[in-house]
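1. got a predicted structure plus its sequence, pasted below:
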Number of protein chains: 4
Amino acid sequence: MMNPLSPDPDFDSRIQTSFARQGLMNTIGARLTKVIPGEVNIEILFRESLTQQHGFVHAGIVTAIVDNACGYAANSLMPPDCEVLTVEYKVNFLSPATGEKFLAIGKAVKPGNTLTVCAGEVWAHDKGGKKLIAVMQATMMAVKG
Amino acid sequence: MMNPLSPDPDFDSRIQTSFARQGLMNTIGARLTKVIPGEVNIEILFRESLTQQHGFVHAGIVTAIVDNACGYAANSLMPPDCEVLTVEYKVNFLSPATGEKFLAIGKAVKPGNTLTVCAGEVWAHDKGGKKLIAVMQATMMAVKG
Amino acid sequence: MMNPLSPDPDFDSRIQTSFARQGLMNTIGARLTKVIPGEVNIEILFRESLTQQHGFVHAGIVTAIVDNACGYAANSLMPPDCEVLTVEYKVNFLSPATGEKFLAIGKAVKPGNTLTVCAGEVWAHDKGGKKLIAVMQATMMAVKG
Amino acid sequence: MMNPLSPDPDFDSRIQTSFARQGLMNTIGARLTKVIPGEVNIEILFRESLTQQHGFVHAGIVTAIVDNACGYAANSLMPPDCEVLTVEYKVNFLSPATGEKFLAIGKAVKPGNTLTVCAGEVWAHDKGGKKLIAVMQATMMAVKG
C-alpha cells in the first residue's frame, strides 16, 4: 500500500539503496533503523576508530549520522526521481559523545519543493540510560536524480 | 624560541599529540599540515570509504576535518593546560566534495578566555585546480585538560 | 511560593525588569506573554514600521523576539545574580512573516552553568489560523550581573 | 556603463529602491553606504530605541543590518527580475554592540542561480577606533520578483 504521506510509494527502498551506496556509512558501521515519511533514524555503535582526542565519538561522526538522518527524512517526502543534497547545517553539542550506542533522529520540519528544513537529535545510549548529546538544524535541497 | 602569539611555547607539540590521539583522524588518513598560532590546516586524500551516495566525500568528513582545524586553531592560542571542545558549528556546502585532496583551513577570528569564535574553509584540489567546497563558523570552548 | 525549577524565586520579576529596560522591545511593541522556568513567550503585532521590502515583518525583528524568548528562557534557570548574553544563533525562515500577530516561543533545551542551548519558534497568527515561520537554535551565556 | 560583474546594469538602483521600501530600515535610520557587485554595506547610528537591557544595540538589529547587507550583496549578482529572500543565517556575537556607528558588510561568497552563500561582518565604530562585533554566515535565495 502506498504510504499516504510520501509522493513516492517506494521511498523506503529508494532510501535503503542510497544509504547502502554510502561508503562512509559502511566504514562506521551505521544502520538505518527507522524510515517513515518525514522521519529517519540511524544508529552506530561506539568504536575506537571514530574517536577524538578524549576518546569520545568525534563531532564529525555525530554530525554525519544526523546529517544523513535529516537528509533522508527530507528525501522521504520527495518524488521518486529526487535525491537530496545538504545545503547547510548547524549543530550544537550538548554533552560528550560517550556511550555504547548513538541514535540519530532526523525529522522534516518544513518540507518544500526545493528546500526542506529539518531538525535532528543525537542520543547516546548506555546501560545507565540515554542522554541527548547533539541537536541539528539543517536545510536540505531536492535535486533531480 | 617561544612563539610570540601563543601563551604556550609548546602549542605545536601539544596539538600534534592531541591530533595523534584521535582515532578518527587515523581512520580517515588525515594529516596536520600547518600549525601556527591562530591557524591550523588539515588534509585528507579522497577514499571510497569516506563517500556519500554520489561518490563525493561525505559532509560529515568534510565537517570533521574543518572542525578539527578550527578547534586546534583556537587551542593554539590557549594556555598550556587547556584543551578545546566544540560548542557548536555551522557549515554551508558550496560545491560537491569531488577531487583528490581536501584541505581544511581553520582560523581563530575572536579568541577569548572561555570561548573562541573560528572560521573555517575546505578546499578541494585536483589536477584542474582548487575550489572552495565548504565554509564553517564555529564556537570553541577552553577546558582545563 | 518558590518555583521548583528555577534557582531564583524572583526569576519572573527579574525577567520582567530586564525586558522593560530594552529600548527595542518598546520600539516594536513587544510584550512578554509567558514566563515560566525554561520557557518564555514574546508577542508583537504587525506594524508597517517593522517591514522588509515585500511588506513582511523583517527577519531581524522575527529574530529579535525569538532571541529574547530564548535568552530569557535560559535566564529563567539561572541564579539571581546572573544575566544572559547571546553567544550565537541560527535561524531558518520557513514562510514569509505575514499575519496580524507573531508569537515567539523560546525554550531551554540544555541548561548549563555557563552555556545554555535553546530552541525557538516563531508563529504567525491571523484570522485563518497560525503557521510556523521561523525556527532558531541558539547558545546563551550566563554572566554575573 | 554596465557593471561587468552583475547581470543587471541597474542593480544599484534596483537595490536602492528595494531598500527604500523597507519600513524597518527607515525606523532604525539605516543607510546604504556601498553597493557594488557582490558587496553591500549598511550603517546605523546608535539610538536608545534600538537597545537591549544593558544599553547595547540589540542582537536583532545587528542581525537586521547584516542580513540586509548579505541579502543585497547576493541580489547584486542576480538578473534584473530577481528578488532575494533569506533562507537562513547564523550569527556569532563577538563583543557587545557599544559605539556610535555600526557598519554591516555583506559579501557573496558563492553566488548561484538559486542559492547564494554570503558572509557578513558588523563593525562598531567610536572615537577610539573600531571593533568586529558580529559575524554572519547566510544562505540567500533568488525569487522571481
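-> That came through, no problem.
2. partner strands of the helix or strand harbouring residue A:86, with direction?
-> Assessed by DSSP states H and E, residue A:86 sits inside strand A:82-93. Using DSSP bridges, the strands paired with strand A:82-93 in its sheet are strand A:129-144 (antiparallel), strand B:82-93 (antiparallel).
3. go through those strands and name the closest to residue C:51.
-> Ranking those by proximity to residue C:51 (CB to CB) places strand A:129-144 first, at 24.4 Å. All C-beta atoms are positioned from the backbone trio N, CA, C, and that covers glycine.
4. enumerate the residues of chain A near chain D.
-> Residues of chain A lying close to chain D by CB under 8 Å from any CB of the partner chain are A:87-88, A:90, A:114-115, A:117, A:139, A:141.
5. where does chain A have low pLDDT?
-> A:1-4 (pLDDT under 70).
6. which parts of it are helices?
-> A:11-20, A:23-27, A:59-75 (DSSP state H).
7. quick one: the last one to strand B:82-93, angle?
-> It stands for helix A:59-75. Angle between the axes of helix A:59-75 and strand B:82-93 is 30 degrees (criterion: axes from the mean of the first three to the mean of the last three CA atoms, to 10 degrees).
8. so which bits of stretch A:14-23 are buried?
-> For stretch A:14-23, burial by neighbour count (16 or more other CB atoms under 10 Å in any protein chain shown) applies to A:14-15, A:18-19, A:22-23.
9. now the spatially most central residue of chain A. Nearest residue, chain neighbours left out?
-> Central residue of chain A (CA atoms, centre = their mean): residue A:69, 1.4 Å from the mean position. Once flanking residues are discounted, residue A:69 sits nearest to residue A:106: 3.0 Å by CB to CB, 6 or more residues apart in numbering or on different chains.
10. ok, the one you found - how many residues close by?
-> Residue A:106 has 29 neighbours, counted by other CB atoms under 10 Å in any protein chain shown.
11. which residues touch it?
-> Residues near residue A:106 by CB atoms under 8 Å, 6 or more residues apart in numbering or on different chains: A:39-42, A:66, A:68-73, A:118-120, A:136.
12. neighbour-wise, which of those residues leads?
-> Among the contacts of residue A:106, residue A:70 has the most neighbours (other CB under 10 Å), with 33 neighbours.
13. got the contact list for it?
-> So residue A:70 contacts A:40, A:86, A:89, A:106-108, A:118-120, A:136, A:138, A:140 (CB under 8 Å, 6+ apart).
14. if we go to 7 Å?
-> A:106, A:118, A:120, A:136, A:138, A:140 (CB atoms under 7 Å, 6 or more residues apart in numbering or on different chains).
15. do you know how far it is from residue A:62?
-> 13 Å (CB to CB, to the nearest Å).
16. and what of residue A:50?
-> Residue A:50 is 9 Å from residue A:62, where distance means CB to CB.
17. cool, residue A:123 as well?
-> Residue A:123 is 11 Å from residue A:62, by CB to CB.
18. more neighbours, those two?
-> A count of neighbours by other CB under 10 Å puts residue A:62 above the other of residue A:123 and residue A:62, at 29 against 18.
19. please look at that one and residue A:122 and confirm they touch.
-> Yes. Between residue A:62 and residue A:122 there is a contact under CB atoms under 7 Å: 5.3 Å.
20. look up the residues forming beta bridges with residue A:120.
-> residue A:106, residue A:136.
21. on that earlier part again, and the contacts of the strand holding residue A:86?
-> With CB under 7 Å, 6+ apart as the contact definition, strand A:82-93 has outside contacts at A:59, A:63, A:67, A:71, A:74-75, A:78, A:115, A:133-145, B:59, B:86-93, C:90, C:117, C:137, C:139, D:88, D:90, D:115, D:139.
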